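> Here you go, sequence then predicted model.
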Amino acid sequence: MNDATRLPGRDSLPYGVSSYYRNLAVVEDPTVDPIAAQFVPRPEEDIRLDYETPDPLSDTLYEVAPRLVHHYHDRALILVNDRCAVYCRHCFRRHFTGNSTGRLTPDQLEAICVALAERPQIQEILLSGGDPLMSPDREIELLLQALTRVNPNYTFRMATRIPVVQPNRITPELAKILGRYGTMWMVTHVNHPREITPEFRRAIDLVVRQGVPVLNQAVLLRGVNDHADTLVELFRGLLQARVKPYYLFQGDLAAGTRHFRTSIDRGLDLMDEIRSRLSGMGMPTYAVDLPEGGGKIPLDRGTVLGKEEGNYLLKGPGGKIYRYPIEGV
Ligand code: SF4
């Protein structure tokens, strides 16, 4: 293991959990329960490795207006709200999530719209945070109205864990707002089959009925879903709920999350195993966000080039080689 330092305190990511999600845990012991593991802080969070950072995707490097991140040519990210219904202990956006900056202000929204108008190449907008659906309906509608005044044809990606952690927040009224502006896709975050409940299915149904397709981004988490049977059940359950498994992410190098990460070798083996048991529609892409803001790449036997001095060698865009630490089981 590399040199480790203590974080100033475990509270670098706040503690918070909805009563709904808490009730999905059978026991509140994060070492045995895959739901509890996602909301109960553990002492391991205090450990920071020298290659970890609170901002592994380098959002701050590409911020072109307050809360507007323009990293990729035709896409932009807006950090709508720093609040979440559950503060996931594996959260990768620790530099922003729960940092008390609150919701987007009207002045910030105006500045974002000016910056977007100056960048007509942007066609797709990722709405994230924190969780954007923690904002009131009226604010969500004003945001979508303002953005579609800049470009009525934007494709939106609403990144939210709300259907998983507080499904009754998805009301018929909210679903209608989501279906009303631009082309909306919802991207949710289900990690374990026990999160696919009747309440989750009802929330998804409301959204899908408004013409909003739903994708899922899961994270490969040690002690939560790092077994083939669990992943197969998860992806089959998602398809049955009309959610397409989109990505299975290798853990980002976020500060204090070492205990959640599996090795890339383990991830590749799991993908091999589940591929023989699932249809193509049920298979997500196993992917990683490269360190140093290198962008997202699929992880397969063609992009994992080998190992050198404690690191995997990963082939990034343009053939550039990135290093990702060898760790985990
Ligand atoms: S809901 Fe998303 S942003 Fe919020 S804590 Fe969980 S992973 Fe982080």
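Yep, that arrived.
> The closest residue to Phe249 other than its chain neighbours: neighbouring residues, count only.
Nearest in space to Phe249, with sequence neighbours left out and distances taken as Cβ to Cβ, 6 or more residues apart in numbering, is Val219 at 4.7 Å. Where C-beta positions appear, they are placed from N, C-alpha and C, glycine not excepted. Residues lying near Val219 (other Cβ atoms under 10 Å) number 22.
> same question, Thr31
11.
> For it, which residues are in contact?
The neighbours of Thr31, taking Cβ atoms under 8 Å, 6 or more residues apart in numbering as the test, are Ala37, Arg42, Gly223.
> Turn the residues you listed into TSV, including neighbour count.
Converted to TSV, the contacts of Thr31 look like this (neighbours: other Cβ atoms under 10 Å):
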residue	neighbour count
Ala37	25
Arg42	16
Gly223	16
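> Just give me the closest of those residues to the ligand.
Ala37 (13.0 Å; Cβ to the nearest ligand atom).
> which stretch of helix or strand covers that closest one?
helix 36-39 (DSSP states H and E).
> Next: Asp265.
Asp265 is part of helix 264-275, with elements assigned from DSSP H and E.
> Can you get me the centre-to-centre distance for that helix and its chain?
Helix 264-275 sits 20 Å away from the centroid of its parent chain (Cα atoms, centre = their mean, to the nearest Å).
> Output the contacting helices and strands for that helix.
helix 228-240, strand 285-290 (3 or more Cβ pairs under 8 Å, 6 or more residues apart in numbering; DSSP states H and E).
> Please work out which of those is packed deepest.
Across the helices and strands packed on helix 264-275, averaging neighbours per residue (mean count of other Cβ atoms under 10 Å) puts strand 285-290 on top, at a mean of 20.
> Next SSE downstream of the lowest-mean-pLDDT helix or strand in the chain?
In the chain, no helix or strand scores lower on mean pLDDT, DSSP states H and E than strand 4-6, which sits at a mean of 41. Going down the chain from strand 4-6, the next helix or strand is helix 19-22, by DSSP H and E.
> Now do that next one: everything it contacts.
Contacts for helix 19-22 (Cβ under 8 Å, 6+ apart): Glu28, Ile35, Phe39, Ala85, Val86, Val164, Val165, Gln166, Pro167, Asn168, Glu199.
> Repeat the analysis, applying 6 Å as the threshold.
Val86, Val165, Gln166 (Cβ atoms under 6 Å, 6 or more residues apart in numbering).
> In helices, which of those residues appear?
Val165 (DSSP state H).
> Compare the contacts of helix 19-22 and tell me which is most surrounded.
Val165 (27 neighbours).
> who in the stretch 1-150 of the chain is up against the ligand?
Cys84, Tyr87, Cys88, Cys91, Arg93, Thr97, Gly129, Gly130, Asp131 (Cβ under 6 Å from any ligand atom).
> thinking again about what came up before, name the strands paired with whichever helix or strand comes after the helix holding Ala37 and say parallel or antiparallel.
On the C-terminal side of helix 36-39, the closest following helix or strand by DSSP H and E is strand 47-49. Looking at strand 47-49 with DSSP bridges, its partner strands are strand 4-6 (antiparallel).
> For the residue in the stretch 201-329 of the chain that the ligand sits nearest to, what are phi and psi?
Residue nearest to the ligand within the stretch 201-329 of the chain (Cβ to the nearest ligand atom): Val219, separated by 8.1 Å. Reported as degrees, to the nearest 10, the phi and psi values for Val219 are phi -120, psi 140.
> Could you double-check that it sits in contact with Tyr247?
No: using Cβ atoms under 6 Å, Val219 is not in contact with Tyr247, being 8.8 Å away.
> okay if I get the contacts of helix 19-22 as CSV plus pLDDT?
Output for those, formatted as CSV (pLDDT from 0 to 100):
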residue, pLDDT
Val86, 97
Val165, 98
Gln166, 98
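> Can you tell me which of the contacts of helix 19-22 lies closest to the ligand?
Closest to the ligand, out of all of these and judged by Cβ to the nearest ligand atom, is Val86, at 6.1 Å.
> For that closest one, give me its contacts.
So Val86 contacts Val17, Ser18, Tyr21, Phe39, Val165 (Cβ under 6 Å, 6+ apart).
> rewinding a little: kindly reformat the contacts of Thr31 as CSV containing pLDDT.
Shown next, in CSV, are the contacts of Thr31 (pLDDT from 0 to 100):
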residue, pLDDT
Ala37, 98
Arg42, 95
Gly223, 95
